[in-house]
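Fold the following, please.
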Amino acid sequence: MPHKDPIARKSYYKTYNATRRETGYNNSRSLKRKAGVTSAQRDLLLLEQGMQCDICGRTEPDGRGWAIDHDHAHCPGNKHCGKCIRGILCFPCNSGLGQFCDDPELLYRAIEYLIKSKDVLQDANPSYRRVPAA
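Numbers count the residues shown, from 1 in each chain. Model prediction:
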């Protein structure tokens, strides 16, 4: 392993991590330890969801793999029991929930904020549109 050259070290770890993803290393050993489920159980949950993110419907994870979403109030910390799983999410959706501390009230307020700001932008500039008119 290259220790001193930062470019060689970065290249080494990029290959190393890609190999771990391809071989399922992270999905088998640490998945059971951290999530309380096996990769087969995770795959079954994903199959029951139609092989897509339970929030956005994305059918392919974004390179960081699928995230097992669980109730953090039930199992605080990085490890969970496997009994409080809510679903399988893509990384962006899981990260988004985490940023809002799994608090529905904060999410509602964020939705209201987005709707309000969109209305303000449309009032200030009538030609403002995110989606082209049909």
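
all contacts plus neighbour counts: C-alpha atoms, from now on.
Will do.

Just the pLDDT for Leu31.
Turning to Leu31, the model gives it a pLDDT of 68.

One more: Glu22?
55.

By mean pLDDT, flag the weakest helix or strand of this protein.
When each helix and strand of the chain is scored by mean pLDDT, DSSP states H and E, helix 25 comes last, with a mean of 48.

Which residue comes closest to His70 once chain neighbours are left out?
Ile85 (4.1 Å; C-alpha to C-alpha, 6 or more residues apart in numbering).

Please report the distance of the one you found from Asp123.
To Asp123, Ile85 is 43 Å away according to C-alpha to C-alpha, to the nearest Å.

With neighbour numbers in mind, choose between those two.
Between Ile85 and Asp123, counted using other C-alpha atoms under 10 Å, the more crowded position is Ile85 (18 against 11).

Could you measure from that one over to Lys118?
In terms of C-alpha to C-alpha, Ile85 sits 34 Å off from Lys118.

Gln41 too?
Here the criterion is C-alpha to C-alpha. By it, Gln41 lies 41 Å from Lys118.
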